[in-house]
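Engineer: Give me coordinates for this.
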Amino acid sequence: MNANWIKVFVAAFFEVFWVIGLKHADDFLTWTGTVISIIISFYVMIRAGRELPVGTVYAVFVGLGTTGTAISEIIFFGEPFKISKILLILLLLAGVIGLKLVTKDDVKEGADS
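Structural biologist: Model (predicted):
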């Protein structure tokens, strides 16, 4: 895995924090953390998108962020556990992993391969 894919994973990690923050922030400190998470998340994702195909970067970013957010809501915020939700998350992750596997790391979007 190259450094640009690590950037996508870091961006998705911070996405989980800002998405949760948008729902649960209620004071200056939590809103500040939410804004900082947004800035870090998008900055790192944009940096990765400069070297990797932007469509794949965005799909992986959103897929991992969605998965992390859904799991965090279940674990930390009492969202009901539903097997159907877990199966759909696994399906989403399979798609994200598949996209990552079929994407060449060294090809920019629009370049001839």
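Engineer: all contacts plus neighbour counts: C-alpha atoms, from now on.
Structural biologist: Fine.
Engineer: mind showing which ranges of this protein have poor pLDDT?
Structural biologist: Flagging of the chain using pLDDT under 70 yields the residue ranges 1, 105-113.
Engineer: hmm, try it at 90
Structural biologist: Of all residues in the chain, those with pLDDT under 90 make up the ranges 1-2, 55-56, 59, 85-86, 89, 92-93, 95-113.
Engineer: got the residue ranges for the helices in it?
Structural biologist: Under the criterion DSSP state H, the chain carries helices at the ranges 3-24, 28-49, 54-77, 83-102.
Engineer: Next, format those helices as JSON lines and append mean neighbour count.
Structural biologist: Output for the helices of the chain, formatted as JSON lines (neighbours: other C-alpha atoms under 10 Å):
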{"stretch": "helix 3-24", "mean neighbour count": "20"}
{"stretch": "helix 28-49", "mean neighbour count": "17"}
{"stretch": "helix 54-77", "mean neighbour count": "18"}
{"stretch": "helix 83-102", "mean neighbour count": "14"}
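Engineer: Now do the closest residue to residue 104 other than its chain neighbours: how many residues are near it, please.
Structural biologist: Leaving out its chain neighbours, the residue that sits closest to residue 104 by C-alpha to C-alpha, 6 or more residues apart in numbering is residue 52, at 8.0 Å. Using other C-alpha atoms under 10 Å as the criterion, residue 52 is surrounded by 21 other residues.
Engineer: ok, now how distant is residue 79 from residue 72?
Structural biologist: With the distance defined as C-alpha to C-alpha, to the nearest Å, residue 79 ends up 9 Å from residue 72.
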